[in-house]
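[1] Take a look and give me a structure for this.
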Amino acid sequence: MSATASPSAASAPVSVLGLGMMGTALAAAFLNAGHPVTVWNRSPARTGPLVAQGALPADTPRDAVAASPLVVLCLLTNDNVDALFTALGDSVAGKTLVNLTNGTPEQARTLSARAEKFGARYVDGGIMAVPQMIAGPEAYVFYSGDEEAYETHRPTLAVLGGTKWTGGDPGLAALYDLGLLTGMYGMFTGVMQALALVRTENVGAEEYAELLVPWITAMLGGVPEIARAVDSGKHLTDVSSLAVSHAAFPNFLSTFEAQGVSTELFEPLQVLLDRAIEEGYAADGMSRLVEMLTR
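    From the prediction side, this is the model:
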């Protein structure tokens, strides 16, 4: 049971719709915390392991919704959630729907409006964890939408990990989620390019990772400074200017080509650096690129 959950919250029933790897992990976490859990999946066979742990199987989505005041959705896409809303109709009236399906801010806003039309309360969520991390100390979930519904069910939701409220706009949880994932994919893009490069000279990837991890970790220490520059609009730097990056960047692309490594991941940054210099931002730091990307 979550340290923040009261005994009454620990006995609150929950329905989980969608039992992929993440949905199964969510349902198992609720079960392990002592909640009565009803589960539904389009392929009924997936309910078996959870039923063996004490979950109640629902024959239909409507049956699952009827079983609990709190309904957690974790489907493959928000298109699937939208189709499910059509099937459920006003059977969701009076329920709190917490949608933990990965999606876009605009999808979350559309689904929130549909849920409200059917008489339900809607909370959107962005899970910052892989299934194996759920209910562990490092897992947390962004939430946005109906704040009263969120606060009512927060002790139950806290079973899954930390709870981070982002605001009443239903799209904010997805925005925060995709923002962090953008940083992650950007990092892994660089990692993949680096490993592809060194392997052309038979340098072991595992060996090189011992150098790569502490280097990336050290560079991440500069993120707060970049963020301060973005918020203040003061982009001049005495550390490493865009002029320096622009001068150095062709070395990356020419080396990739010479070593037989694709340049397609890095070419867009060359285009952006070229534009930064053309527009007179040579003395600015990398923070200037944020404004160039968002205008």
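[2] Please enumerate the helices of the stretch 51-200 of the chain.
    Under the criterion DSSP state H, counting those that start in this stretch, the stretch 51-200 of the chain contains helices at 61-66, 78-88, 105-117, 147-157, 172-199.
[3] Mean pLDDT, mean neighbour count and distance to residue 250 added to those, as a markdown table?
    For the C-beta atoms, the positions are set from N, CA and C on the backbone; glycine is no exception. Output for these, formatted as a markdown table (pLDDT from 0 to 100; neighbours: other CB atoms under 10 Å; distance: least, CB to CB, whole Å):
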| stretch | mean pLDDT | mean neighbour count | distance to residue 250 |
| --- | --- | --- | --- |
| helix 61-66 | 98 | 19 | 56 |
| helix 78-88 | 97 | 17 | 41 |
| helix 105-117 | 98 | 19 | 37 |
| helix 147-157 | 98 | 19 | 50 |
| helix 172-199 | 97 | 16 | 15 |
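[4] Include distance to residue 45 when you put those helices into a markdown table, please.
    Output for those, formatted as a markdown table (distance: least, CB to CB, whole Å):
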| stretch | distance to residue 45 |
| --- | --- |
| helix 61-66 | 16 |
| helix 78-88 | 18 |
| helix 105-117 | 27 |
| helix 147-157 | 27 |
| helix 172-199 | 30 |
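[5] Looking at those, which is nearest to residue 26?
    Nearest of the helices of the stretch 51-200 of the chain to residue 26, taken as CB to CB: helix 147-157 at 9.9 Å.
[6] longest strand of the chain?
    Among the elements of the chain assigned as strand by DSSP state E, the one spanning the most residues is strand 121-128.
[7] got a list of what residue 26 touches?
    Residues near residue 26 by CB atoms under 8 Å, 6 or more residues apart in numbering: 16, 72, 74, 100, 134, 160.
[8] Throw these into a markdown table and include pLDDT and distance to residue 64, thanks.
    Below are those laid out as a markdown table (pLDDT from 0 to 100; distance: CB to CB, whole Å):
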| residue | pLDDT | distance to residue 64 |
| --- | --- | --- |
| 16 | 98 | 8 |
| 72 | 98 | 10 |
| 74 | 98 | 12 |
| 100 | 98 | 15 |
| 134 | 98 | 20 |
| 160 | 98 | 18 |
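[9] most surrounded residue in those residues?
    residue 16 (33 neighbours; other CB atoms under 10 Å).
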